[in-house]
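In: What follows is a predicted structure for the sequence shown.
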Amino acid sequence: MAKKLYVGNLSFQATADQVRELFASFGEVENVNLVTDRYSGRSRGFAFVEMVSEEAATKAREALSGKPFQERNLTIDWARPESSSGGGARRGGEGRDFSSGPRKT
């Protein structure tokens, strides 16, 4: 079993300290990673919370899943392990060379 939880449907105004305080009533919180947009710095509405013990993580998950926090019902589940593949797929036109103009058909 894991100690790291995915916390979804967070208010965009929620802070890492507020999330830490919410989870602290179930045990010691090791880390809170509030995910933000890399360009604007604004919250993306989800976080990862790592508890010190599996027991605390289980209690928090059972107690808080579907419960309201800052007028939104939380979605809480076990976090998936990070991929070891080294990053996600490229999107958009990253790396494309447009110097030669449009493709000829």
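Out: Nice, I can see it. Numbers count the residues shown, from 1 in each chain.

In: Stretch 27-42: end-to-end distance?
Out: 28 Å (CA to CA, to the nearest Å).

In: shift numbering so it begins at 72
Out: Fine by me, first position is 72 from now on; the one you just mentioned is stretch 98-113.

In: At which residues are the strands of the protein located?
Out: 75-79, 100-107, 114-122, 139-140, 143-144, 146-149 (DSSP state E).

In: what's next to the second one, contact-wise?
Out: Pointing back at strand 100-107 there. Contacts with strand 100-107, where a contact means CB atoms under 8 Å, 6 or more residues apart in numbering, come from 74, 81, 85-87, 90-91, 94, 113-115, 117-123. Bear in mind the C-beta positions are built from the backbone N, C-alpha and C, glycine included.

In: Kindly recompute the last result at 10 Å.
Out: 74-75, 77-78, 81, 83, 85-95, 113-124, 127-128, 131, 150 (CB atoms under 10 Å, 6 or more residues apart in numbering).

In: List buried residues within those residues.
Out: 74-75, 77-78, 81, 85, 87, 89-91, 93-94, 114, 116-122, 127-128, 131, 150 (16 or more other CB atoms under 10 Å).

In: my read: Val123 touches Ala131, true?
Out: No: using CB atoms under 10 Å, Val123 is not in contact with Ala131; the gap is 11.3 Å.

In: Quick check: neighbours shared by these two?
Out: Shared contacts of Val123 and Ala131 (CB under 10 Å, 6+ apart): 98, 100.

In: Identify the bridge partners of the closest residue to Thr86 other than its chain neighbours.
Out: Closest residue to Thr86 apart from its sequence neighbours, by CB to CB, 6 or more residues apart in numbering: Leu105 at 7.1 Å. For Leu105, the beta-bridge partners under DSSP bridges are Ala118.
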